[in-house]
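A.B. asks: I would like the atomic coordinates for the input below:
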Amino acid sequence: MGRLSTGARLKRVAFVGTYLPRQCGIATFTADLCHAVRDEALDLICYAIPVNDSADGYDYPPEDKDAALFPRRIGGRWALIHRPVTAFGAHIWLSYSPDLRHWGSHKLILEARRGAWWDANKIGLSPPPIETEEGWLLIYHGVRQTAGGCIYRLGLALLDLENPERCLLRGSTWVFSPVEHYEREGDVDNVVFPCGYVLDPDGDTLRLYYGAADTSVALATASVRTLLDWLHHNGSAQPYAEGS
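C.D. replies: Numbers count the residues shown, from 1 in each chain. Okay, the predicted model is just below:
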């Protein structure tokens with residue numbers, strides 16, 4: 001690993017994922033990445049935040065992926081989006097913590113749809129939520145089973161800024177789908193799966209880094225304003241029960 005310069009602004013980094021005990025390759029990746037960054041940047045405080053270690057107070061099922069922290073506290077607590085797989089399906093959940101160690105108040109915020117929808121099989125968060133004046137913009141992936149295999153596509157949702165348990169809008173169809181040959185053919189065909197983004201200084205230009213067919217990394221650009229406008233024209237409000 002090359003030398004890592006943290007600059008003056010970056011002081012803490014949290015790596016969220018399955019951790020010890022290591023149950024899969026993702027656990028190994030989370031631990032090793034945290035240790036590697038810590039060894040290179042001695043002035044950087046690194047956290048590995050497990051989401052499946054019941055011995056230390058976590059109450060998650062064995063498979064829990066697609067996790068990201070909100071960049072600021074919500075109502076005085078840390079908030080985490082994640083995708084546990086249970087007997088009820090693979091949906092997007094929200095959990096809270098006062099200290100980044102003990103998690104609770106779990107809420108189901110976005111369900112995988114049923115039937116022939118593009119996101120009917122399972123869904124999960126892709127990059128971390130994007131804070132806008134209208135709410136938290138979510139770019140999430142949906143997986144559809146077909147006779148030729150799974151297709152991973154991307155859709156949009158908008159969560160309330162101060163109460164992210166409430167989904168204000170959810171798009172009716174996908175906004176990004178495998179089209180290019182490097183997205184359709186690879187180790188895992190028909191996959192576009194972003195994990196990170198950079199927002200330009202103009203506050204609108206979004207640069208989305210995504211895995212293509214689990215073989216290469218690609219870059220897509222978009223306008224946050226355009227994505228929000230699309231949601232207003234192609235989205236619908238989701239049912240929400242106050243205090244549920």
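A.B. asks: Leu138 looks like it's in a strand, true?
C.D. replies: Yes: per DSSP: H, G, I helix; E, B strand; the rest coil, Leu138 lies within a strand segment.
A.B. asks: Quick one, grab the pLDDT at the closest residue to it other than its chain neighbours.
C.D. replies: Excluding the flanking residues, the one nearest Leu138 by CB to CB, 6 or more residues apart in numbering is Ala157, at 4.3 Å. All C-beta atoms are positioned from the backbone trio N, CA, C, and that covers glycine. Ala157 carries a pLDDT value of 97.
A.B. asks: Return the residues in contact with Ala157.
C.D. replies: Counting by CB atoms under 8 Å, 6 or more residues apart in numbering, Ala157 touches Leu110, Leu137, Leu138, Tyr140, Cys167, Leu169, Arg170, Gly171, Leu231, Gly235, Gln238.
A.B. asks: Any stretches of this structure with poor pLDDT?
C.D. replies: 1-10, 15-35, 47-62, 240-244 (pLDDT under 70).
A.B. asks: Please, where are all the helices along the chain?
C.D. replies: Shown for the chain, the helices assigned by DSSP state H span residues 25-40, 181-184, 224-234.
A.B. asks: before we move on, the earlier item: how much space between the residue nearest to Leu138 and Trp230?
C.D. replies: With distances taken as CB to CB, to the nearest Å, Ala157 is found 12 Å from Trp230.
A.B. asks: Could you point out the bridge partners of the residue most central in space within the chain in the sheet?
C.D. replies: Geometric centre of the chain, nearest residue: Leu125, 2.9 Å, by CA atoms, centre = their mean. Beta-bridge pairing of Leu125 under DSSP bridges involves Tyr140.
A.B. asks: you'd agree it is up against Leu138?
C.D. replies: Yes: using CB atoms under 8 Å as the test, Leu125 is close enough to Leu138 to be in contact (6.6 Å).
A.B. asks: who touches both of these two?
C.D. replies: Contacts common to Leu125 and Leu138, judged by CB under 8 Å, 6+ apart, are Ile81.
A.B. asks: what residues are up against Ile151?
C.D. replies: Going by CB under 8 Å, 6+ apart, Ile151 touches Trp118, Val143, Arg144, Ser177, Pro178, Asn190.
A.B. asks: Filter these down to the buried ones.
C.D. replies: Neighbour-count burial (16 or more other CB atoms under 10 Å) applied to the contacts of Ile151 gives Trp118, Val143, Arg144, Ser177, Pro178, Asn190.
A.B. asks: and which of the residues you listed is nearest Arg77?
C.D. replies: Val143 (30.2 Å; CB to CB).
A.B. asks: and the closest one, how far is that from Val175?
C.D. replies: 15 Å.
A.B. asks: before we move on, back to that, for the residue nearest to Leu138, give the beta-bridge partners.
C.D. replies: Ala157 forms beta bridges with Leu138, Arg170, as assigned by DSSP bridges.
A.B. asks: If you count neighbours, what's buried in stretch 230-239?
C.D. replies: Quick answer for stretch 230-239 (16+ other CB under 10 Å): Trp230, Leu231, Gly235, Gln238.
A.B. asks: how deep is Asp202 tucked in, by neighbour count?
C.D. replies: Neighbour count for Asp202, taken as other CB atoms under 10 Å: 8.
A.B. asks: ok so, going back, make TSV from the contacts of Ile151 and add distance to Val198 to it.
C.D. replies: Output for those, formatted as TSV (distance: CB to CB, whole Å):
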residue	distance to Val198
Trp118	27
Val143	26
Arg144	29
Ser177	22
Pro178	22
Asn190	26
